[in-house]
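sequence first, then the predicted structure:
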Amino acid sequence: MMATTLLVAGCGGRTGSGTEEGAAPSAPVTADFGDLTGVCGPGTSTSSPTQGVTAKEIEVGVFTDMGFTKNPELVDAAKVFTSWCNDNGGINGRTLKYTVRDAKLLEVRQRMLEACREDFALVAGSAALDGLGVKDRLSCTLPEFPAQVSQVENTGSDLQVGSGASSARPYDSYTGMRQWLFKEAYPASAGAVGIIVADSPVVKSMADRYQESLPAEGATVIYNDLYPAAGVSDWTPYAQSIKAKGVKGLIFLGDFRSLAKLEDVLTSMDYKLDWVDATSNAYNPAFLELAATALTAQNNFTDLSGTAPLESAGSVAAVQRAKDLFARYAPDGKLTFLGLRALTQWLLFAKSASACGDNLTRTCLLETARKETAWTAGGLQAPADMSTQTVAPRCFNIMKATPQGWVAADFAPDTGPYRCDMKAYVYTKDYGRPLTLADVGKSMSDVE
């Protein structure tokens, strides 16, 4: 998931149990989700085994940057899931409650310290500068089931489960799509790849890695440029440089609004790229609208890293289930790609917590979640191994932006909507590492 400081969502100061006060009760929706049965349900819980868990409630935190991005997608996902779960009896009878931890981009440590005092776990959240809070999270032994991770210190850190693809991993999660682009779909582009990057620490680190991985994967990088993270008033100089260099394939790391403007200029200059890696940051209706005049000329692709497309509801029952739950519990909200990723983590958390029964501890939660070696979140994603953070995924799926909407690219899927033959490139240079319990003087024996 290609994070920028404009990508992560959240909300400030809001707490929810998933039930709107004063709302008339309605018949609950079945507790099944795709091929998962009985995700939530009633029970008789009597103990208060650890922080954030009582006989009646489970308190979790949801990290966001909504105070900065103004994007409520992760809060909407939290509201939808907890409402549905609680309507079906909660987690063994315990009501599932969430507190939004709005980092507002720069207040990660403040929110993490608050979470350390109150929460049982962090679930289905994300913060662009998430590396700022890892030491505090590990020091208070707080488990995390993030919807998305960004910085190397947090990506695959201890007490974290199921964080999915990230450019901060020790391997190139996007090897599959890149090789399809310049070896299969557009082989002439292999010798003329360009990278343009927002001047932000979150995405600049990605470009450094790609300078190593792309040549090893068979591409030649002939253009590399930075642009101000807030955008530019005139993209003509960048477009002229791309054209002068003869770039055929372009990787754009930054805000999709800026990409749309750049493509408009390139199209007006009658310069057509073979392909643009728009990243999952652009996988939304807004990009389609902003780039409408360029979509017939420029081929925009994104790798969803083995997560089912939002457009697949007709063939993937779990995606239709997600849309139905949003329609019921957040009718004014919008299910986004990151919101879908959040639901995969909510499901993993709930299934694992339910299996722990009355004695719901952090240790049991983590150990149970890590037993999922082929986790599909009911069908929302390709099978993934939750027992490890070090084995690279093999499945990927590619979407293409068209004037009619996002559609599956012709990338030769071999496992349902996914292609599972990727051999991810493993980086050889030192780009930093995720933090461990040992880094803060702790071990698993300290986890309650």
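Perfect, I can see it now. Numbers count the residues shown, from 1 in each chain.

domain-wise, how is this structure divided?
For the chain, automatic domain parsing gives the domain ranges 15-169+312-389, 175-304+394-408.

any chance of the ones you listed in JSON lines, with mean neighbour count too?
For the C-beta atoms, the positions are set from N, CA and C on the backbone; glycine is no exception. Below are the domains of the chain laid out as JSON lines (neighbours: other C-beta atoms under 10 Å):
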{"stretch": "domain 15-169+312-389", "mean neighbour count": "21"}
{"stretch": "domain 175-304+394-408", "mean neighbour count": "19"}
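
nearest to T436, of the ones you listed?
Closest approach to T436 among the domains of the chain is made by domain 15-169+312-389 (4.8 Å; C-beta to C-beta).

average pLDDT for the closest one?
Predicted confidence along domain 15-169+312-389 averages 92 (mean pLDDT).

same question, stretch 177-187
On average, stretch 177-187 scores 97.

what about it, how long is it end to end?
Length of stretch 177-187, first residue to last, C-alpha to C-alpha, to the nearest Å: 13 Å.

out of the domains of the chain, which is closest to V440?
When the domains of the chain are compared (using C-beta to C-beta), the closest one is domain 15-169+312-389, at 4.7 Å.

and the helices in the stretch 151-300 of the chain?
In the stretch 151-300 of the chain, the segments counted as helices under DSSP state H, counting those that start in this stretch are 175-179, 201-217, 236-245, 256-268, 285-290.

how about JSON lines for those, with distance to A392 added?
Converted to JSON lines, the helices of the stretch 151-300 of the chain look like this (distance: least, C-beta to C-beta, whole Å):
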{"stretch": "helix 175-179", "distance to A392": "8"}
{"stretch": "helix 201-217", "distance to A392": "12"}
{"stretch": "helix 236-245", "distance to A392": "31"}
{"stretch": "helix 256-268", "distance to A392": "26"}
{"stretch": "helix 285-290", "distance to A392": "28"}
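
least reliable of the ones you listed going by mean pLDDT?
Among the helices of the stretch 151-300 of the chain, helix 201-217 scores lowest, with a mean of 89.

list the residues that contact the spatially closest residue to A294 that is not a sequence neighbour.
Excluding the flanking residues, the one nearest A294 by C-beta to C-beta, 6 or more residues apart in numbering is E263, at 3.9 Å. Residues in contact with E263 (C-beta atoms under 8 Å, 6 or more residues apart in numbering) are V276, A291, A294, A297, Q298, N300.

and for T336?
E73, N284, L310.

the second one is in contact with G339, isn't it?
No - between N284 and G339 there is no contact, the gap being 10.7 Å when judged by C-beta atoms under 8 Å.

list the contacts of the closest residue to T307 other than its chain neighbours.
Spatially, and ignoring its direct neighbours in sequence, T307 is nearest to Q381 (4.9 Å; C-beta to C-beta, 6+ apart). Contact analysis of Q381 by C-beta under 8 Å, 6+ apart lists G306, T307, A308, T344, W375.

list just the nearest of these to S83.
T344 (17.6 Å).

grab the nearest non-local neighbour of the closest one.
Excluding the flanking residues, the one nearest T344 by C-beta to C-beta, 6+ apart is A377, at 3.8 Å.

and the helices in the stretch 301-448 of the chain?
Under DSSP H, counting those that start in this stretch, the stretch 301-448 of the chain gives helices at 317-329, 337-355, 362-369.

C395: which of those is closest?
helix 337-355 (13.7 Å).

and the angle for the closest one with helix 362-369?
110 degrees (axes from the mean of the first three to the mean of the last three C-alpha atoms, to 10 degrees).

what helices or strands is helix 337-355 leaning on?
Under the contact criterion of 3 or more C-beta pairs under 8 Å, 6 or more residues apart in numbering; DSSP states H and E, helix 337-355 touches helix 73-87, strand 121-123, strand 144-145, helix 317-329, helix 362-369.
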